[in-house]
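**Student:** kindly return the folded structure for what I paste below:
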Amino acid sequence: MPPDPGSSFAAVIQRGADSEVMSAPFRFLNLPTEIRLRIMEFALTDGTRASTVKLIGGRRSRITGTYLDAIPSYSSSPKPSAQILLTNRQINAEGTPILYSKNTFSMCSSNLDRFIKAVGTANRQHISSIHIDGTTMELYFTSKCFKSLEECIGLKRFRLNALSSMLGLVQCLYWRDIKQPGMLVLLALIPVIKMLCEREGSKEAARKIIEVLPCERCNSHESYVWSAVPCIRCYEDSWLLEVHRITEDEFWSDIPKRETEAKEWAKREEEMIEELQERKRMTLMRKIRYVQAWSAS
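**Tutor:** Model prediction:
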């Protein structure tokens, strides 16, 4: 029985329609807003938890010896996939708040100010979580490092691993009168603490946002599980944390008094900077004299 010409024609028309549907571009912006935002959240975070974007120093200044840029470090994780924000203006406007509010940005204190300036005024309000790893490429650790945090009005968590490095700095400078290195860290944070107290309405709520700890981790075992392995480093860090808990209670008990102490400490910071720069200059001069003596011999 010969094939029905009508059915063959209908089949051709159907195949043409199917191919037309298959070749039609998929419009991401046609999706409902809540689905579109959910997709961007998976692209810009790890989905179930916030990504930690580690920032490192970039180009180094020959004049100051410090690193001028704060750029993402290499990571085996592909997240966050920030390239999606370059698609168009609408996706950029919808995705940028997700990028800054759903991720933790980890950096050293010397990169913090450059990072805050780089993200721009409009994006600073979305930053919710910052981690300072406690190491610094600068010669000193001062309140100037944290001045820009006042502009991060949406900050919900600030973790600072600085007790160990601050103790080392105090010992290096032979400040025997300083018994609480954690107090210096908290005094340096006075500007952002004032902002958080005003925003949250109480110092108790502000205190929950700021977390000051020793070094980030011990290579022997998991972070902050000091009893797992009886190593010297863990013993020192557990002692530091125990002392700091007492320091924290003392600090938060009288914020106005701490503001006055912070101003006094700022003056001492200037002396510290001059002292460190003088030591650096003397070290350089000794090296020059050594090279000259070696060349003459």
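
**Student:** the chain: helices as residue ranges?
**Tutor:** In the chain, the segments counted as helices under DSSP state H are 5-23, 33-44, 89-101, 109-119, 121-124, 163-172, 181-188, 190-200, 203-207, 232-252, 255-296.

**Student:** for those helices, which one ends up most surrounded?
**Tutor:** helix 181-188 (a mean of 23; mean count of other C-beta atoms under 10 Å). For every residue, glycine as well, the C-beta is placed using N, CA and C.

**Student:** thought residue 162 was touching residue 146?
**Tutor:** No. Look at residue 162 against residue 146 with C-beta atoms under 8 Å: they stay out of range, at 10.5 Å.

**Student:** okay, those two: which has more neighbours?
**Tutor:** residue 162 (27 against 24; other C-beta atoms under 10 Å).

**Student:** list residues touching both of residue 162 and residue 146?
**Tutor:** residue 109 (C-beta atoms under 8 Å, 6 or more residues apart in numbering).

**Student:** just to revisit the earlier point, where among the helices of the chain is average confidence lowest?
**Tutor:** When these are compared by mean pLDDT, helix 5-23 comes last with a mean of 52.

**Student:** spit out the contact partners of residue 128.
**Tutor:** So residue 128 contacts 100-102, 154-157 (C-beta under 8 Å, 6+ apart).

**Student:** turn those residues into CSV, columns for distance to residue 37.
**Tutor:** As requested, these are exported to CSV (distance: C-beta to C-beta, whole Å):
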residue, distance to residue 37
100, 14
101, 12
102, 11
154, 17
155, 22
156, 19
157, 22
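
**Student:** now, which of the residues you listed sits nearest residue 241?
**Tutor:** Residue 241 lies nearest to residue 157 out of the contacts of residue 128, by C-beta to C-beta, at 18.1 Å.

**Student:** just to revisit the earlier point, and the helices of the chain: which comes nearest residue 83?
**Tutor:** Closest among the helices of the chain, using C-beta to C-beta: helix 33-44, at 8.8 Å.

**Student:** show residues contacting that closest one.
**Tutor:** Under C-beta under 8 Å, 6+ apart, the answer for helix 33-44 is 28-29, 31, 47, 51, 79-82, 84, 91, 94-95, 98-99, 102-103.

**Student:** now a ChimeraX select for only the buried ones of the residues you listed.
**Tutor:** In ChimeraX, this line selects whichever of those come out buried by 16 or more other C-beta atoms under 10 Å:
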select :51,79,80,84,91,95,98,99,102,103
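
**Student:** which of the contacts of helix 33-44 fall in strands?
**Tutor:** Of the contacts of helix 33-44, none are assigned to strands by DSSP state E.

**Student:** re earlier: Throw the helices of the chain into CSV and include distance to residue 213, thanks.
**Tutor:** Putting the helices of the chain into CSV (distance: least, C-beta to C-beta, whole Å) gives the following:
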stretch, distance to residue 213
helix 5-23, 55
helix 33-44, 27
helix 89-101, 23
helix 109-119, 14
helix 121-124, 25
helix 163-172, 6
helix 181-188, 10
helix 190-200, 17
helix 203-207, 14
helix 232-252, 7
helix 255-296, 20
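
**Student:** select, out of those helices, the one closest to residue 150.
**Tutor:** Short answer: helix 190-200, nearest of the helices of the chain by C-beta to C-beta, at 5.0 Å.

**Student:** pull the closest one out as CSV, backbone CA atoms only.
**Tutor:** Extracted C-alpha coordinates of helix 190-200, given in CSV (Å, rounded to 0.1, in the frame of the first residue of the first chain):
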residue,chain,number,x,y,z
ILE,A,190,37.4,50.4,67.9
PRO,A,191,36.1,52.1,64.7
VAL,A,192,34.3,49.1,63.4
ILE,A,193,33.1,48.1,67.0
LYS,A,194,31.4,51.5,67.4
MET,A,195,29.7,51.0,64.0
LEU,A,196,28.5,47.6,65.0
CYS,A,197,27.2,48.7,68.4
GLU,A,198,25.2,51.5,66.8
ARG,A,199,23.8,49.2,64.1
GLU,A,200,23.0,46.2,66.4
